[in-house]
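Asks: let me see the structure of the following:
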Amino acid sequence: MAPGTTAMVKDTILKVDHLSMKFGGLMAINDLSLEAKRGEITALIGPNGAGKTTVFNCITGFYKPTMGMITLKRKTGKEFLLERLKDFEITKHAGVARTFQNIRLFSGLTVLENLLVAQHNALMRASGYTILGLLGSPAYKRAVEASIEKATYWLEKADLIDRADDPAGDLPYGAQRRLEIARAMCTGPELLCLDEPAAGLNPKESLTLNTLLRSIRDEGTSLLLIEHDMSVVMEISDHVVVLEYGQKISDGTPDHVKNDPKVIAAYLGVEDEELEQIEEQLEGGKV
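Replies: Next up is the predicted model:
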């Protein structure tokens, strides 16, 4: 960067402050704070049982946290305290969409119909909640055309346009993953939360997924993802947050995180004495 120039500071879209989630005597999340920047892919990683899905469930309204604040700031500048909203309000008003670790498509509907279902609320409003639709009003017809256009756009982005009329359940596993993401994008989110999108994918499918996720980011949607496939995380993430036993142990760029002794220790399951050895080896350039 040239002298006298200032690096552009990206706006924060999601801010988690001192989040805690307790189930009976189990503290699943303990005083977690993190930020996700607008226009970036932020990955939340950690060993099994680290609390990643619990964090997602708090952000998307499936759980109400025991303590803490979760603030989402839309492009308009309006802020929403997600811990105070119901799950459907988080999608509708705050602009947050989510996919799940287990694929949840309407397998009996066509690929195109799955994307039209995601636009159900807009179509219902345009139909006057059925009356205008039954009368075939011009406004409703325009809304239907717009919804088909949006669905077609995301089918093309997900490389599924040739399968538009096929039942969603007939798609290969990797294609179903992309369809689920395309369906979420049809809701027009500002923040897309993905729970292990690369789970079960082969290397070719992972590359196709990476291309789709980068294109979503480049078009202005911020992404927050949980992922165990470190090749995917390191390839596409701008920012990585690492959890262990419900606490943050590292936070930074992919290069910073993959060389952090605490992260290495968490994934290897080493003791404190071994952690000191790893730190010494890193300092000496042996790891």
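Asks: residue contacts, E205?
Replies: Y173, G174, R177 (CB atoms under 8 Å, 6 or more residues apart in numbering). Using the backbone N, CA and C atoms, a C-beta is placed for each residue, glycine as well.
Asks: list just the nearest of the residues you listed to E219.
Replies: Nearest to E219 among the contacts of E205 is R177, at 19.0 Å by CB to CB.
Asks: next step: the contacts of E205 restricted to helices.
Replies: Among those, the residues falling in helices (DSSP state H) are Y173, G174, R177.
Asks: neighbours around the first one, how many?
Replies: Applying other CB atoms under 10 Å, we find 12 residues neighbouring Y173.
Asks: got phi/psi on the residue nearest to it when sequence neighbours are not counted?
Replies: Distance criterion CB to CB, 6 or more residues apart in numbering; nearest residue to Y173, sequence neighbours excluded, is G200 at 5.9 Å. Main-chain torsions, G200, degrees, to the nearest 10: phi 80, psi 0.
Asks: who does E79 form a beta bridge with?
Replies: K73 (DSSP bridges).
Asks: so what's it up against?
Replies: T71, L72, K73.
Asks: so which elements touch the helix or strand harbouring L194?
Replies: Taking DSSP states H and E as the criterion, L194 maps to strand 191-195. Strand 191-195 is packed against helix 52-59, strand 96-99, helix 173-185, strand 222-226, with contacts defined by 3 or more CB pairs under 8 Å, 6 or more residues apart in numbering; DSSP states H and E.
Asks: thinking again about what came up before, adding pLDDT and distance to P261, write the contacts of E205 out as CSV.
Replies: Formatted as CSV, those follow (pLDDT from 0 to 100; distance: CB to CB, whole Å):
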residue, pLDDT, distance to P261
Y173, 94, 36
G174, 94, 35
R177, 95, 33
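Asks: partner strands of the helix or strand where V241 lies, parallel or antiparallel?
Replies: V241 belongs to strand 239-244 when elements are defined using DSSP H and E. Applying DSSP bridges, strand 239-244 is found paired with strand 41-45 (parallel), strand 247-252 (antiparallel).
Asks: looking at those strands, which is buried most?
Replies: Among the strands paired with strand 239-244, strand 41-45 has the highest mean neighbour count (mean count of other CB atoms under 10 Å), at a mean of 25.
Asks: quick check: domain ranges of this structure?
Replies: Listed domain ranges for the chain are 1-95+189-287, 106-188 (source: automatic domain parsing).
Asks: all helices in this protein, in order from the N-terminus.
Replies: Counting by DSSP H, the helices of the chain are 52-59, 87-92, 111-117, 120-126, 131-135, 138-157, 173-185, 203-218, 230-236, 254-258, 261-268, 272-283.
Asks: just give me the lowest mean pLDDT stretch among those helices.
Replies: Across these, helix 131-135 has the smallest mean pLDDT, namely a mean of 52.
Asks: closest to S147 out of the ones in helices among the contacts of E205?
Replies: R177 (22.5 Å).
Asks: can you pull the contacts of the closest one?
Replies: Counting by CB under 8 Å, 6+ apart, R177 touches I103, P197, A198, G200, L201, E205, L209.
Asks: so it versus D195, what's the distance?
Replies: 11 Å (CB to CB, to the nearest Å).
Asks: thinking again about what came up before, now for the residue nearest to Y173, how many residues are close by?
Replies: Neighbours of G200 (other CB under 10 Å): 13.
Asks: pretty sure it sits against S206.
Replies: No. In this structure, G200 is not within contact of S206 by CB atoms under 8 Å, at 10.0 Å.
Asks: please name the nearest non-neighbouring residue to G220.
Replies: G39 (6.4 Å).
Asks: good, we can wrap up now.
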